[in-house]
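# turn this into a model:
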Amino acid sequence: MNGKVIIFSAPSGSGKTTLAKHVLAHFPILEFSISATTRSPRKGEVDGKDYFFLSSDIFKKHIDSADFVEWEEVYNGVFYGSLKSELNRIWAAGHHVVFDVDVKGGLALKKIFGPQALSVFIMPPSIDVLEKRLKTRATENESSVNQRINKAALELSFYNQFEVLIINDRIDIAKSDLEKVIADFLNMK
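Residues are numbered from 1 along each chain as shown. Now for the predicted structure:
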């Protein structure tokens, strides 16, 4: 393990992907670790850029081959994981890794990387705002939104297990706060 890792975790719809993309644009030394998943691509998502979209059989072969740093079944029959090959690719380029993962994945990565990692929890202002965001982005049906909201209630209870808490009420403030925290972590003051 060569470089540092920054772990963004939050319930779906909290803004973690938006904030992760912001820091990636702001800090050229950072690079996004593309996760693998068995879920179907959303509109506009590109295989190999947003995710590695794998069949369940291929994903399970990667599990059996110990190709993942961490993986889990996030929803019934829907798997997500972080491939070791992604970390090796990023570190070989001399960059630090940015993970955008759910809360369980974030906790697993934090345990694996210890002091080499900065774990950041993105907190929505409220469950109501979270639900509104999920409905507004129009990538989910009503059942899926409800499933994500139910999961979010549990995930929010883990915020205190992360080193940094960013409340994403105003995106400009959240971005500014993150820039300071990450510059400090990377010793770029």
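
# Trp91 against Gly3, yeah?
Yes. Using C-beta atoms under 8 Å, Trp91 is in contact with Gly3, at 4.8 Å. (Each C-beta comes from the backbone N, C-alpha and C, glycine too.)

# hey, what's in contact with both of these two?
Val97 (C-beta atoms under 8 Å, 6 or more residues apart in numbering).

# for the residue sitting nearest the centre point of the chain, give me the pLDDT.
With distances taken as C-alpha atoms, centre = their mean, the chain has Asp100 as the residue nearest its mean C-alpha position (1.6 Å). pLDDT recorded at Asp100 is 90.

# partners of it in the sheet?
Counting by DSSP bridges, Asp100 forms beta bridges with Phe8.

# so it touches His22, yeah?
No. In this structure Asp100 lies outside contact range of His22 using C-beta under 8 Å: 11.6 Å.

# where does the chain dip in pLDDT?
1, 129-131, 133-135, 137-140, 145, 188-189 (pLDDT under 70).

# where do the helices of it begin and end?
16-26, 56-64, 84-92, 103-113, 127-137, 142-155, 171-185 (DSSP state H).

# those helices: which one's closest to Tyr75?
helix 142-155 (6.6 Å; C-beta to C-beta).

# tell me which residues in the closest one are buried?
Val145, Arg148, Ile149, Lys151, Ala152, Glu155 (16 or more other C-beta atoms under 10 Å).

# and among the helices of the chain, the most buried is which?
helix 103-113 (a mean of 19; mean count of other C-beta atoms under 10 Å).

# for that one, C-alpha coordinates in PDB please.
Extracted in PDB, the C-alpha atoms of helix 103-113 (Å, rounded to 0.1, in the frame of the first residue of the first chain):
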ATOM      1  CA  VAL A 103     -21.600   3.600   4.800                       C
ATOM      2  CA  LYS A 104     -20.800  -0.100   5.400                       C
ATOM      3  CA  GLY A 105     -18.100   0.000   2.600                       C
ATOM      4  CA  GLY A 106     -16.700   3.200   4.100                       C
ATOM      5  CA  LEU A 107     -16.300   1.600   7.600                       C
ATOM      6  CA  ALA A 108     -14.700  -1.500   6.100                       C
ATOM      7  CA  LEU A 109     -12.200   0.600   4.100                       C
ATOM      8  CA  LYS A 110     -11.400   2.700   7.200                       C
ATOM      9  CA  LYS A 111     -10.600  -0.400   9.100                       C
ATOM     10  CA  ILE A 112      -8.400  -1.800   6.300                       C
ATOM     11  CA  PHE A 113      -6.400   1.400   5.700                       C
END
